[in-house]
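S.K.: I would like the atomic coordinates for the input below:
(one chain, ligands or ions: 1)
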Amino acid sequence: MLNNKHIILGITGGIAAYKSAELARLLIKKGARVTVVMTDGAKEFITPLTFSALTNQPVYDDLWTSRSADSSSIAHINLTREADAMLIAPCTANVTAKIANGLADDLLTNLALARDPANCPLAIAPAMNVQMWRNPATQRNIAQLRNDGVMVFDPASGEQACGEIGEGRMLEPADLVDALERLFVPQNLTGKKVIITAGPTFEAIDPVRGITNRSSGKMGYALAHAAACAGAEVLLISGPTALPTPFGVTRINVESAQQMLDTCLHHTADVFIAVAAVADWRVTEIATQKIKKQNDADVPTLSFTQNPDILHTIAQQSNPPYCVGFAAETENLAEYGQTKRRKKGIPLLIANNGPATFGADDNEVLLLDDAGEHALPRMSKSQLAHQLISEIAKRLSS
Ligand code: CTP
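M.R.: Numbering: from 1, shown residues only. Sure, this is the predicted structure:
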């Protein structure tokens, strides 16, 4: 979503300005072109040189010099005309107040005011002392900005540079990068609740051993991120993975298939997407103590019980959500996939080659529904996730 996007990164005078160096770096890593604009306050915390070195672009910091340096180029107009979005991070209480009230007394606030909102949306990541954040004046300004169509990435809570504790900390750079993608995604799941299962399950044998599989969870996590970007309230029910929770997603960790099912049944949703690679069997009796090795001839024998089918159980409820399944196959994708879709009683199934996708960063899938099959080309799991979410939203609205 951020690849080839031109982002104006505004930096104002807060201690969180040091985090914006990492933010600029992460945006560039995602393929964005970043132009940094700094206020005088920002330069008290971090130098323009840091950002020009990171972005390989000149840093803009003065309304008047940028005008006089080249009279044909008016920075406060031209910069946003060439940009796809503007993000101010950190955004101080002072700059929040100025933008909310249409004040423009430096380059950054001029840019915010002179922007065409349809072509260059604005997002801000406020960062300030907890009392400044809670002050009714700040809250009025934030509400006004939201009303004006500015996306506000609410600060997190925690220990502050001043030693006080509370909300006001700027979001972490990785979360801001995740959040910024929302500016480029159609909000076609606004008001919808989405539950996604992801990762493998872990079926214990004894307190130290278990059976699991090679699912990394990447596809499920990418879908959770894409659904949140599209405006949905997302609950991710995840087996053990090493992945960070996508920004704006609520995550519940589970281990076994039974725990995953119980957790799913405790929540309701408009859409249920089963991406988890659920273990088909569990050990019938989990040993309460570690099974000790005996002599060579005495190898333990395990007996197995079939796990519940989570997707099928959810799809058979009296008023089920729109259910989407994944099928990990090794051959005959379309045929096996359609059979599986009908057996599970679900409207949409996404079939892929299991071993070819486990742990990979890209995937190639076949969409199977009542209308037949529709192949999507190979793409990154993150691009695919956005595309699948828009396919799901399309089917949901029809
Ligand atoms: N699934 C589930 N609960 C299970 C098994 C699978 O919810 N106990 C879901 C998966 O999350 C996926 C879909 O069902 O969305 C298909 O999973 P897959 O492993 O491909 O198929 P199975 O139903 O397990 O059938 P088989 O292993 O025989 O192909």
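S.K.: show me what from this protein comes close to the ligand.
M.R.: The chain comes close to the ligand at residues 197, 257, 274-276, 278, 280, 307, 309-311, 325-328, as judged by C-beta under 6 Å from any ligand atom. No exception for glycine: its C-beta is placed from N, CA and C like everyone else's.
S.K.: E335: which of those is nearest?
M.R.: Sorting the residues of the chain next to the ligand by distance to E335 puts A327 at the head of the list, at 10.9 Å, by C-beta to C-beta.
S.K.: what is the neighbour count of that closest one?
M.R.: Burial of A327 is recorded as 21 neighbouring residues (other C-beta atoms under 10 Å).
S.K.: that's a strand at it, yeah?
M.R.: Yes. Assigned with DSSP: H, G, I helix; E, B strand; the rest coil, A327 falls within a strand.
S.K.: for it, what are its contacts?
M.R.: For A327, the contact set (C-beta atoms under 8 Å, 6 or more residues apart in numbering) comprises 333, 336-337, 340-341, 349-352.
S.K.: in helices only, show me these.
M.R.: Cross-referencing the contacts of A327 against helices under DSSP state H gives 333, 336-337, 340-341.
S.K.: before we move on, back to that, restricted to buried residues, select the contacts of A327 in PyMOL.
M.R.: Selection of buried members from those for PyMOL, criterion 16 or more other C-beta atoms under 10 Å:
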select buried, resi 333+337+340+341+349+350+351+352
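S.K.: quick one, which of the residues of the chain next to the ligand are buried?
M.R.: 197, 257, 274-276, 278, 307, 309-311, 325-328.
S.K.: what would those residues look like in JSON lines with secondary structure, distance to T263 and pLDDT?
M.R.: Below are these laid out as JSON lines (DSSP: H, G, I helix; E, B strand; the rest coil; distance: C-beta to C-beta, whole Å; pLDDT from 0 to 100):
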{"residue": "T197", "secondary structure": "strand", "distance to T263": "9", "pLDDT": "98"}
{"residue": "A257", "secondary structure": "helix", "distance to T263": "11", "pLDDT": "98"}
{"residue": "A274", "secondary structure": "strand", "distance to T263": "13", "pLDDT": "98"}
{"residue": "V275", "secondary structure": "coil", "distance to T263": "15", "pLDDT": "96"}
{"residue": "A276", "secondary structure": "coil", "distance to T263": "11", "pLDDT": "97"}
{"residue": "V278", "secondary structure": "coil", "distance to T263": "12", "pLDDT": "97"}
{"residue": "N307", "secondary structure": "coil", "distance to T263": "14", "pLDDT": "98"}
{"residue": "D309", "secondary structure": "coil", "distance to T263": "15", "pLDDT": "97"}
{"residue": "I310", "secondary structure": "helix", "distance to T263": "10", "pLDDT": "98"}
{"residue": "L311", "secondary structure": "helix", "distance to T263": "14", "pLDDT": "98"}
{"residue": "G325", "secondary structure": "strand", "distance to T263": "18", "pLDDT": "97"}
{"residue": "F326", "secondary structure": "strand", "distance to T263": "18", "pLDDT": "94"}
{"residue": "A327", "secondary structure": "strand", "distance to T263": "22", "pLDDT": "92"}
{"residue": "A328", "secondary structure": "strand", "distance to T263": "22", "pLDDT": "85"}
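S.K.: isn't L311 right up against C323?
M.R.: Yes. Using C-beta atoms under 8 Å as the test, L311 is close enough to C323 to be in contact (6.4 Å).
S.K.: mutual contacts of those two, please.
M.R.: Common contacts of L311 and C323, defined by C-beta under 8 Å, 6+ apart, comprise 272, 274, 344, 346.
S.K.: report the contact partners of the second one.
M.R.: Same thing as A274. Under the criterion of C-beta under 8 Å, 6+ apart, the contact partners of A274 comprise 196-197, 310-311, 314, 323-326.
S.K.: with just CA atoms, put stretch 145-160 into PDB.
M.R.: These are the backbone C-alpha positions of stretch 145-160, laid out as PDB (Å, rounded to 0.1, in the frame of the first residue of the first chain):
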ATOM      1  CA  LEU A 145      -9.700  17.600  13.200                       C
ATOM      2  CA  ARG A 146     -11.500  14.300  13.000                       C
ATOM      3  CA  ASN A 147     -14.600  16.200  11.900                       C
ATOM      4  CA  ASP A 148     -12.600  17.900   9.200                       C
ATOM      5  CA  GLY A 149     -11.500  14.500   7.900                       C
ATOM      6  CA  VAL A 150      -8.000  14.300   9.400                       C
ATOM      7  CA  MET A 151      -7.000  10.800  10.600                       C
ATOM      8  CA  VAL A 152      -5.900  10.900  14.200                       C
ATOM      9  CA  PHE A 153      -3.700   8.100  15.400                       C
ATOM     10  CA  ASP A 154      -4.400   8.200  19.100                       C
ATOM     11  CA  PRO A 155      -1.400   8.200  21.400                       C
ATOM     12  CA  ALA A 156      -0.600   5.200  23.500                       C
ATOM     13  CA  SER A 157      -0.500   5.100  27.300                       C
ATOM     14  CA  GLY A 158       2.600   4.500  29.400                       C
ATOM     15  CA  GLU A 159       5.500   6.200  31.000                       C
ATOM     16  CA  GLN A 160       6.300   9.700  29.600                       C
END
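S.K.: give me the buried positions along that stretch.
M.R.: The neighbour-count check on stretch 145-160 (16+ other C-beta under 10 Å) flags 145, 150-153, 155, 160 as buried.
S.K.: what about the stretch 101-250 of the chain, any weak spots by pLDDT?
M.R.: Scanning the stretch 101-250 of the chain for pLDDT under 70 picks out no residues.
S.K.: who's in contact with the residue in it positioned nearest to the ligand?
M.R.: Nearest residue of the stretch 101-250 of the chain to the ligand (C-beta to the nearest ligand atom) works out as T197 at 5.8 Å. T197 sits next to 220, 237-239, 260, 264, 273-276, 278, 310 when contact means C-beta under 8 Å, 6+ apart.
S.K.: what's the most distant pair in those?
M.R.: Among those, G239 and I273 lie farthest apart (C-beta to C-beta), at 14.6 Å.
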